[in-house]
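Visitor: Mind looking at a prediction? Sequence and model below.
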Amino acid sequence: MHTAWFIGFMMVIGAVIGGMTNSLAIKMLFRPYTEKRIGKWKVPFTPGLIPKRHQELATQLGQMVVQYLLTAEGLGNKLKSTAFMDAMNEWLRSELEKLLRSEQTVANILEEKLGVDQPKQAFVQKTEEIIERSYNRFFAERRHQPIGEVLPVGVSKKLDESVPLVATFLLERGQTLFSSEEGKERLSQMIDRFLLNKGTLGNMISMFLGNERLVDKLQPELMKFMRDAGTKRMVEDILHKEWHKLKQKDVAMIESHLNKEDIIQYVTSSIEKNVPLYQWIEQPFYKWTGSFEERLLTEWVPKMVDATSDLLASHLEGLLERLHLEEIVREQVEAFSVERLEELVLTISKREFKMITYLGALLGGMIGFIQGLVVLLLG
């Protein structure tokens, strides 16, 4: 009976020592949180292992995350995975569909999100500034060049080919004018002025022939003159010569006849009225996106997602370097309190730590049993 009590006592002592030792070892991973001193003497094993190695742990975690967890290759594979692409397509389609069918306007978004005041007026003003800069740059660079050199080759050739058409048009308009009663009246007035300027000779002609008879005689001849092929060739030659002279003149000649402000205002106003973008800015999305909503959602969204995914995947390594992910992880872990870290680890591994404590008690009890037997045998 004495032997059984002795062995049992040794087992209990061993179990208590083993369990308490393991429990203490687990607690010493985290505690004490700070260094303890008795006077100038530092208490051994303070602070605990993790508080003492907090910075090293943060550095190692940062390196581990960058080198083994969030790698460019792993993230690239995730970005190109079918599941991720499908999820992104679905999300983007859903968000875009809400926007396209909303009462929101481009102007609202620019004002609320980007702080742009009166977006349409700002766009119009920016357009006007661009046109003005283009106008100034054009004449600054071309002012002293001949017009013929400035004109595009195709335009110059087209204008050269248009001379016969212009000559024909002018002669036809002249025939139409002088064959009408209005034209005949104007011709009569021209003859009157001509004869008045000739003094006595003009009065004598008017007296003997009469103005009306002279008009009747001149009008048919004038019409024949305008219909004559030679007249057409003469007009063409005149136009060709004048056009050739004009091409030799500097662009500055044209600039001197232009009103810069009027031209800029006209071009800006034309763009504002004829480019739909300027009207869309202040209209709700649903009013102008309906015509291409389906195409945008079914064709453009997948292409945008695919292109964005390819772009990110091809530049991930550089992006991760610029993000300094290792430093971010290190700083976050360093900022993480040891108390919170202990709570987190114990919450996750509480059962396992208890099992380690029980295992220590079990091993201690077994050692106590063996020690008891050894003592009895040697005694």
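Guide: Here it is on my side, so go on. Residues are numbered from 1 along each chain as shown.

Visitor: what residue ranges in the stretch 251-379 of the chain score low on pLDDT?
Guide: In the predicted model, the stretch 251-379 of the chain carries pLDDT under 70 at residues 379.

Visitor: Swap in 90 and give it another go.
Guide: 251-260, 271-302, 305, 307-379 (pLDDT under 90).

Visitor: Could you do the stretch 1-150 of the chain as well?
Guide: Using pLDDT under 90, the stretch 1-150 of the chain drops low at 1-84, 95-123, 138-150.

Visitor: which residues in the stretch 251-379 of the chain form helices?
Guide: Ranges of helices in the stretch 251-379 of the chain, per DSSP state H, counting those that start in this stretch, are 251-256, 260-274, 276-280, 285-288, 293-295, 301-323, 325-335, 338-378.

Visitor: want to try TSV for these, with distance to residue 84 and mean neighbour count as columns?
Guide: The way it works is simple: take the backbone N, C-alpha and C, and place the C-beta from them, glycine included. Listed next are those as TSV, based on distance: least, Cβ to Cβ, whole Å; neighbours: other Cβ atoms under 10 Å:
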stretch	distance to residue 84	mean neighbour count
helix 251-256	58	14
helix 260-274	42	13
helix 276-280	33	13
helix 285-288	28	16
helix 293-295	24	12
helix 301-323	8	14
helix 325-335	20	15
helix 338-378	28	14
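
Visitor: Dump those helices into CSV; add distance to residue 12 as well.
Guide: CSV is the format used below for the helices of the stretch 251-379 of the chain (distance: least, Cβ to Cβ, whole Å):
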stretch, distance to residue 12
helix 251-256, 111
helix 260-274, 95
helix 276-280, 86
helix 285-288, 79
helix 293-295, 80
helix 301-323, 57
helix 325-335, 42
helix 338-378, 7
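
Visitor: between those helices, which gets nearest to residue 44?
Guide: The stretch from the helices of the stretch 251-379 of the chain with the least distance to residue 44 (Cβ to Cβ) is helix 338-378; that distance is 18.8 Å.

Visitor: What is that closest one packed up against?
Guide: Of the remaining helices and strands, those touching helix 338-378 by 3 or more Cβ pairs under 8 Å, 6 or more residues apart in numbering; DSSP states H and E are helix 2-27, helix 49-52.

Visitor: so what's residue 342 closest to, chain neighbours aside?
Guide: Spatially, and ignoring its direct neighbours in sequence, residue 342 is nearest to residue 30 (4.1 Å; Cβ to Cβ, 6 or more residues apart in numbering).

Visitor: in which helix or strand would I find that neighbour?
Guide: Using DSSP states H and E, residue 30 sits within no helix or strand.

Visitor: related to what we said a few turns ago, so which of the helices of the stretch 251-379 of the chain is nearest residue 178?
Guide: For the helices of the stretch 251-379 of the chain, proximity to residue 178 was assessed by Cβ to Cβ; helix 251-256 is nearest, at 32.7 Å.

Visitor: can I get the CA coordinates of the closest one in CSV?
Guide: Below are the C-alpha coordinates for helix 251-256, written out as CSV (Å, rounded to 0.1, in the frame of the first residue of the first chain):
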residue,chain,number,x,y,z
VAL,A,251,0.2,83.6,-96.0
ALA,A,252,0.4,86.9,-94.1
MET,A,253,-1.7,88.4,-96.9
ILE,A,254,-4.6,86.1,-95.9
GLU,A,255,-4.0,86.8,-92.2
SER,A,256,-4.4,90.5,-92.7
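
Visitor: Who are the packing partners of it?
Guide: helix 119-142, helix 147-150.

Visitor: Including mean neighbour count, could the ones you listed go into JSON lines?
Guide: Formatted as JSON lines, those follow (neighbours: other Cβ atoms under 10 Å):
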{"stretch": "helix 119-142", "mean neighbour count": "14"}
{"stretch": "helix 147-150", "mean neighbour count": "16"}
